[in-house]
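J.: kindly return the folded structure for what I paste below:
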Amino acid sequence: LGVGNLARRHGFDRIIRGLARWPEVAIEFWIIGSGSEYKNLVELAKSHGLHGRQVKFFPPLFGEELDQLVCQAVAGVGNLGFHRIGVDWSSALKELEYLGRGLPVIASRNSEIAVRMSEYVYRCDANDSDVNLPEVFRFLSENEFVFDKVRTVTAIRFDWTDVSSAMIDRIAQIRTEKLY
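T.: Next up is the predicted model:
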(Lines give C-alpha, C1' and ligand atoms only; values in the text may rest on other atoms or scores of the structure.)
Protein backbone atom coordinates (compact mmCIF):
# COMPACT_ATOMS: atom_id res chain seq x y z
CA LEU A 1 0.00 0.00 0.00
CA GLY A 2 1.36 3.40 -0.96
CA VAL A 3 -0.50 6.55 0.06
CA GLY A 4 0.33 10.15 -0.67
CA ASN A 5 0.47 13.17 -2.86
CA LEU A 6 2.27 11.19 -5.55
CA ALA A 7 5.70 12.60 -6.30
CA ARG A 8 8.92 11.14 -7.68
CA ARG A 9 10.49 11.24 -4.18
CA HIS A 10 8.11 8.48 -3.06
CA GLY A 11 9.89 6.01 -5.36
CA PHE A 12 6.75 3.98 -6.02
CA ASP A 13 8.12 3.29 -9.50
CA ARG A 14 10.71 1.05 -7.84
CA ILE A 15 7.95 -1.27 -6.59
CA ILE A 16 6.22 -1.34 -9.99
CA ARG A 17 9.49 -2.21 -11.74
CA GLY A 18 10.08 -4.88 -9.09
CA LEU A 19 6.70 -6.43 -9.88
CA ALA A 20 7.64 -6.51 -13.57
CA ARG A 21 11.04 -8.04 -12.83
CA TRP A 22 9.73 -10.74 -10.48
CA PRO A 23 6.27 -11.69 -11.85
CA GLU A 24 6.24 -14.87 -9.74
CA VAL A 25 5.88 -12.79 -6.56
CA ALA A 26 2.20 -12.67 -5.70
CA ILE A 27 2.05 -9.13 -4.36
CA GLU A 28 -0.43 -6.42 -5.30
CA PHE A 29 0.56 -2.79 -4.98
CA TRP A 30 -2.29 -0.38 -4.21
CA ILE A 31 -1.49 3.27 -4.83
CA ILE A 32 -3.79 5.80 -3.22
CA GLY A 33 -3.54 9.45 -4.15
CA SER A 34 -2.92 11.94 -6.90
CA GLY A 35 -0.12 14.30 -7.78
CA SER A 36 2.61 15.10 -10.26
CA GLU A 37 3.79 11.48 -10.57
CA TYR A 38 0.36 9.88 -11.04
CA LYS A 39 0.40 9.75 -14.87
CA ASN A 40 3.97 8.43 -14.94
CA LEU A 41 3.09 5.62 -12.51
CA VAL A 42 -0.02 4.66 -14.49
CA GLU A 43 1.98 4.60 -17.73
CA LEU A 44 4.74 2.53 -16.13
CA ALA A 45 2.21 0.00 -14.81
CA LYS A 46 0.50 -0.17 -18.21
CA SER A 47 3.80 -0.60 -20.06
CA HIS A 48 4.50 -3.72 -17.97
CA GLY A 49 0.95 -5.08 -18.22
CA LEU A 50 0.42 -4.60 -14.47
CA HIS A 51 -2.22 -1.85 -14.44
CA GLY A 52 -5.45 -3.12 -12.90
CA ARG A 53 -3.88 -6.48 -12.13
CA GLN A 54 -0.97 -6.23 -9.69
CA VAL A 55 -0.94 -2.43 -9.56
CA LYS A 56 -4.21 -0.75 -8.65
CA PHE A 57 -4.79 2.97 -8.42
CA PHE A 58 -7.27 4.72 -6.15
CA PRO A 59 -8.10 8.42 -5.87
CA PRO A 60 -7.22 10.22 -2.64
CA LEU A 61 -9.20 8.53 0.15
CA PHE A 62 -9.91 9.63 3.70
CA GLY A 63 -11.67 8.35 6.79
CA GLU A 64 -13.51 5.05 6.53
CA GLU A 65 -12.71 4.56 2.85
CA LEU A 66 -8.99 4.75 3.54
CA ASP A 67 -9.33 2.65 6.70
CA GLN A 68 -11.00 -0.16 4.72
CA LEU A 69 -8.04 -0.45 2.33
CA VAL A 70 -5.45 -0.11 5.08
CA CYS A 71 -7.11 -2.98 6.97
CA GLN A 72 -6.68 -5.21 3.90
CA ALA A 73 -3.02 -4.26 3.31
CA VAL A 74 -0.03 -6.25 4.53
CA ALA A 75 2.59 -3.46 4.40
CA GLY A 76 3.00 0.27 3.81
CA VAL A 77 5.50 1.65 1.31
CA GLY A 78 7.52 4.53 2.73
CA ASN A 79 9.55 7.02 0.76
CA LEU A 80 11.79 4.98 -1.53
CA GLY A 81 13.04 7.94 -3.54
CA PHE A 82 14.34 10.45 -1.00
CA HIS A 83 17.84 9.88 -2.39
CA ARG A 84 16.55 11.58 -5.56
CA ILE A 85 16.22 14.85 -3.69
CA GLY A 86 19.39 14.50 -1.62
CA VAL A 87 17.79 13.41 1.66
CA ASP A 88 19.91 10.93 3.60
CA TRP A 89 18.10 10.99 6.96
CA SER A 90 14.35 11.03 7.09
CA SER A 91 11.72 11.67 9.70
CA ALA A 92 9.10 10.31 7.32
CA LEU A 93 5.88 10.58 9.23
CA LYS A 94 4.29 8.47 6.48
CA GLU A 95 6.18 5.47 7.85
CA LEU A 96 5.14 6.24 11.41
CA GLU A 97 1.52 6.51 10.28
CA TYR A 98 1.68 3.07 8.63
CA LEU A 99 3.20 1.59 11.79
CA GLY A 100 0.59 3.36 13.91
CA ARG A 101 -2.07 1.65 11.80
CA GLY A 102 -0.41 -1.72 12.40
CA LEU A 103 1.42 -2.17 9.08
CA PRO A 104 5.09 -3.10 8.67
CA VAL A 105 6.95 -0.70 6.38
CA ILE A 106 9.15 -0.91 3.29
CA ALA A 107 11.69 1.94 3.46
CA SER A 108 15.04 2.95 2.01
CA ARG A 109 16.30 5.76 4.23
CA ASN A 110 17.82 5.95 7.66
CA SER A 111 15.39 7.37 10.15
CA GLU A 112 14.64 7.40 13.83
CA ILE A 113 11.55 5.38 12.95
CA ALA A 114 13.55 2.68 11.11
CA VAL A 115 16.02 2.47 13.99
CA ARG A 116 13.43 2.19 16.76
CA MET A 117 11.10 -0.09 14.80
CA SER A 118 13.69 -2.14 12.88
CA GLU A 119 11.86 -5.44 13.35
CA TYR A 120 8.88 -3.95 11.48
CA VAL A 121 10.82 -2.20 8.71
CA TYR A 122 12.17 -3.85 5.57
CA ARG A 123 15.10 -1.71 4.41
CA CYS A 124 15.95 -1.68 0.72
CA ASP A 125 18.82 0.17 -0.92
CA ALA A 126 18.56 3.96 -1.25
CA ASN A 127 19.02 4.05 -5.01
CA ASP A 128 16.94 3.64 -8.17
CA SER A 129 17.18 -0.16 -8.34
CA ASP A 130 14.05 -2.27 -8.50
CA VAL A 131 12.89 -3.24 -5.03
CA ASN A 132 13.78 -6.89 -4.51
CA LEU A 133 10.24 -8.19 -4.03
CA PRO A 134 11.24 -11.81 -3.34
CA GLU A 135 13.16 -10.49 -0.31
CA VAL A 136 10.22 -8.28 0.72
CA PHE A 137 7.87 -11.24 0.38
CA ARG A 138 10.21 -13.37 2.49
CA PHE A 139 10.42 -10.64 5.17
CA LEU A 140 6.64 -10.36 5.30
CA SER A 141 6.10 -14.15 5.23
CA GLU A 142 8.71 -15.08 7.84
CA ASN A 143 7.53 -12.53 10.38
CA GLU A 144 4.14 -12.69 11.97
CA PHE A 145 2.90 -9.12 11.95
CA VAL A 146 -0.12 -8.69 14.16
CA PHE A 147 -1.74 -5.30 13.58
CA ASP A 148 -2.52 -4.73 17.24
CA LYS A 149 1.02 -5.62 18.32
CA VAL A 150 2.61 -3.31 15.74
CA ARG A 151 0.27 -0.50 16.84
CA THR A 152 0.98 -1.06 20.54
CA VAL A 153 4.76 -1.20 20.07
CA THR A 154 4.62 1.97 17.95
CA ALA A 155 2.62 3.79 20.62
CA ILE A 156 5.10 2.73 23.32
CA ARG A 157 8.22 3.66 21.34
CA PHE A 158 6.90 6.94 19.94
CA ASP A 159 5.00 9.86 21.28
CA TRP A 160 4.98 13.37 19.86
CA THR A 161 7.53 14.56 22.42
CA ASP A 162 9.98 11.89 21.24
CA VAL A 163 9.29 12.47 17.54
CA SER A 164 9.58 16.25 17.69
CA SER A 165 12.67 16.06 19.92
CA ALA A 166 14.44 13.77 17.42
CA MET A 167 13.59 16.13 14.55
CA ILE A 168 14.83 19.18 16.47
CA ASP A 169 18.08 17.37 17.36
CA ARG A 170 18.62 16.42 13.70
CA ILE A 171 17.99 19.99 12.50
CA ALA A 172 20.50 21.29 15.07
CA GLN A 173 23.05 18.71 13.89
CA ILE A 174 22.60 19.73 10.24
CA ARG A 175 22.93 23.42 11.08
CA THR A 176 26.13 22.70 13.02
CA GLU A 177 27.56 20.63 10.15
CA LYS A 178 26.88 23.45 7.69
CA LEU A 179 28.55 26.02 9.95
CA TYR A 180 31.81 24.09 10.13
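J.: quick check: mean pLDDT across stretch 169-178?
T.: Averaging pLDDT along stretch 169-178 gives 75.
J.: equivalent analysis for stretch 33-41, please.
T.: The model assigns stretch 33-41 a mean pLDDT of 97.
J.: any idea of the pLDDT on the residue nearest in space to the middle of the chain?
T.: Central residue of the chain (Cα atoms, centre = their mean): Gly78, 1.6 Å from the mean position. Looking at Gly78, its pLDDT is 91.
J.: and the longest strand along the chain, what does it pack onto?
T.: Longest strand in the chain by number of residues (criterion: DSSP state E): strand 29-34. Other helices and strands packing on strand 29-34, by 3 or more Cβ pairs under 8 Å, 6 or more residues apart in numbering; DSSP states H and E, are strand 2-5, helix 12-21, strand 55-58, helix 63-72. For the C-beta atoms, the positions are set from N, CA and C on the backbone; glycine is no exception.
J.: go with 10 Å
T.: strand 2-5, helix 12-21, helix 38-47, strand 55-58, helix 63-72, strand 76-77 (3 or more Cβ pairs under 10 Å, 6 or more residues apart in numbering; DSSP states H and E).
J.: who's in contact with the residue nearest to the centre of the chain?
T.: Gly78 sits next to 2, 4, 10-11, 90, 92-99, 105-109, 111, 113-114, 121-124 when contact means Cβ atoms under 10 Å, 6 or more residues apart in numbering.
J.: try it again with 6 Å
T.: 92, 94-95, 105, 107 (Cβ atoms under 6 Å, 6 or more residues apart in numbering).
J.: repeat that for Glu135.
T.: Here Glu135 is in contact with no residue (Cβ under 6 Å, 6+ apart).
J.: and it, that one's in a helix?
T.: Yes - under DSSP: H, G, I helix; E, B strand; the rest coil, Glu135 sits within a helix.
J.: separation between the nearest residue to Ala155 once chain neighbours are set aside and Ser141?
T.: Leaving aside its sequence neighbours, Ala155 sits nearest to Gly100 (Cβ to Cβ, 6 or more residues apart in numbering; 7.3 Å). Look at Gly100 and Ser141: by Cβ to Cβ, to the nearest Å, they are 23 Å apart.
J.: who has more neighbours, these two?
T.: Neighbour tally, Gly100 and Ser141, criterion other Cβ atoms under 10 Å: the higher count belongs to Gly100, 14 against 9.
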